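1. Sequence first, predicted coordinates after that:
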Amino acid sequence: MLRVAVPNKGSLHAKAVAMLHEAGYLQRTDSKELVVTDEANNIEFFYLRPRDIATYVGSGKLDMGITGRDLLIDSAGPAEEVLALGFARSTFHFAGDPDSARGVHDLHGKVIATSYPSVVAKHLADHGVDPAGIVRLDGAVETALRLGVADVIADVVETGATLAHLGLRIIGEPIMRSEAVVIQDRSDTKTEASTRFLRRLGGVLVARDYVLLDYDIEANNLEAAVAIASGKEGPTISPLHREGWAAVRVMVPTAEAHSIMDQLEQVGARAILVTQIRACRA
Ligand SMILES: Nc1ncnc2c1ncn2[C@@H]1O[C@H](COP(=O)(O)OP(=O)(O)OP(=O)(O)O)[C@@H](O)[C@H]1O
Ligand SMILES: O=P(O)(O)OC[C@H]1O[C@H](OP(=O)(O)OP(=O)(O)O)[C@H](O)[C@@H]1O
Ligand SMILES: [Mg+2]
């Protein structure tokens with residue numbers, strides 16, 4: 001049975017569970033449940049703290065897990081990323097009062113508070129910067145500045161609202177970019193079960209990113225229309241019960257669907273319909 005770690009709280013939890021649901025897996029209905037066995041799919045889900053997931057997977061106790069790329073990197077363990085999931089996107093930055101520092105080289109001799117000490121230490125070492133200290137905190141890292149615990153922080157930034165609210169500025173370039181990822185032990189070989197799990201999640205990603213577009217078009221205009229949207233593997237073209245016309249079905253990126261419809265209409269497409277994809281293997 002495949003054993004998979006799922007974040008039990010925080011930014012990753014709800015979206016990871018939603019994705020597993022969409023992939024057809026049984027998920028817990030009570031937040032007190034720590035393990036759920038999905039007999040039908042031969043898979044067991046362990047609900048764990050996001051920060052611990054790379055440790056469990058890296059030690060081989062669990063086969064795979066969903067966590068943040070930043071947490072995986074900070075763990076510095078033997079687990080590796082095998083699939084990016086596109087949610088919980090964030091960047092990781094140094095930040096401080098507007099006059100505290102302009103770039104990483106100004107951090108020489110400063111005390112830095114962070115929940116990601118290993119990432120910060122490596123980044124500073126890579127830039128030849130020697131801080132006065134790195135203070136590890138679990139959260140609310142921004143408050144360390146106000147309380148005088150640190151000169152500068154290194155933290156997750158999503159919208160930037162938290163920093164703006166406190167009048168803090170980003171210092172230098174992003175240290176890393178993160179999103180939710182599936183991880184696996186580096187020494188694990190692919191099994192049929194792990195491949196199936198990844199294929200299912202990959203199918204959810206495609207189903208979320210693409211829609212199906214159907215339209216009718218006169219045969220004369222077909223080439224122009226296909227040039228606008230040619231699909232992942234080429235469009236399906238069927239004869240229409242109307243002399244000289246065809247019906248076309250094609251997958252297009254969700255984000256581009258409306259602009260593609262505008263362009264198709266201009267080359268003569270009619271009855272253009274968009275349909276959401278619930279699941280797929282593409
Ligand atoms: N505001 C945010 N937006 C997007 N991703 C975030 C945000 N805050 C944290 N993350 C991501 O969530 C993961 C951290 O997991 P963690 O459990 O600490 O989440 P959290 O949302 O910060 O939870 P907590 O409420 O315990 O602080 C990391 O991958 C991090 O990049
Ligand atoms: O750029 P923003 O959209 O404002 O998001 C970034 C904030 O979100 C996270 O905090 P969280 O809510 O997880 O609280 P924490 O500091 O206690 O971890 C992170 O640590 C930042 O403080
Ligand atoms: Mg947090």
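-> Arrived safely. Since we're looking at a predicted model, the values are computed, not measured. Numbering: from 1, shown residues only. Ligands and ions are numbered 1, 2, ... in the order given.

2. Going by C-alpha atoms from here, please, whenever you check contacts or count neighbours.
-> Noted.

3. Distance check, Arg49 against Arg3.
-> In this view, Arg49 and Arg3 are 16 Å apart by CA to CA, to the nearest Å.

4. Compare the two (neighbour count), which wins?
-> Arg3 (20 against 16; other CA atoms under 10 Å).

5. Contact partners for Arg199?
-> Arg281 (CA atoms under 8 Å, 6 or more residues apart in numbering).

6. tell me the SS of it?
-> Judged by DSSP: H, G, I helix; E, B strand; the rest coil, the three-state class of Arg199 is helix.

7. Quick check: it vs ligand 1, distance?
-> As judged by CA to the nearest ligand atom, to the nearest Å, Arg199 and ligand 1 stand 22 Å apart.

8. What of Gly86?
-> For Gly86, the distance to ligand 1 - CA to the nearest ligand atom - is 11 Å.

9. part of a helix, is that residue?
-> No. Gly86 is assigned coil when assessed by three-state DSSP, not a helix.

10. what's around it, how many residues?
-> Using other CA under 10 Å: Gly86 sits among 11 other residues.

11. That one contacts Ala180, correct?
-> Yes. Using CA atoms under 8 Å, Gly86 is in contact with Ala180, at 6.4 Å.

12. chain center to stretch 256-267: distance?
-> 28 Å (CA atoms, centre = their mean, to the nearest Å).

13. residues in contact with it?
-> So stretch 256-267 is contacted by 211, 213, 221, 224-225, 228-229, 272, 274 (CA under 8 Å, 6+ apart).

14. Out of these, the closest to Pro239 would be?
-> Nearest to Pro239, judged by CA to CA, of the contacts of stretch 256-267 is Asn221 at 13.9 Å.

15. Make sure that closest one is indeed in a strand.
-> No. Secondary structure of Asn221 (three-state DSSP): helix, not part of a strand.

16. That one and Val248 touch, don't they?
-> No. Applying CA under 8 Å, one finds Asn221 not in contact with Val248, separated by 11.7 Å.

17. Tell me which of the two has more neighbours.
-> Val248 (21 against 15).

18. mind listing what that one touches?
-> 213-217, 235-238.

19. Please determine how far the closest residue to Leu83 other than its chain neighbours is located from Leu107.
-> Excluding the flanking residues, the one nearest Leu83 by CA to CA, 6 or more residues apart in numbering is Val182, at 5.1 Å. Separation of Val182 from Leu107 (CA to CA) stands at 33 Å.

20. Which one's more surrounded, the two?
-> Neighbours were counted for Val182 and for Leu107 using other CA under 10 Å; Val182 has more, 24 against 21.

21. Would you confirm that that one contacts Leu85?
-> Yes. Val182 is in contact with Leu85 according to CA under 8 Å; the separation is 7.3 Å.

22. Quick one: list the elements packing against the host helix or strand of Ala18.
-> Ala18 belongs to helix 13-22 when elements are defined using DSSP states H and E. Applying 3 or more CA pairs under 8 Å, 6 or more residues apart in numbering; DSSP states H and E, one finds that helix 13-22 contacts strand 2-7, helix 192-209.
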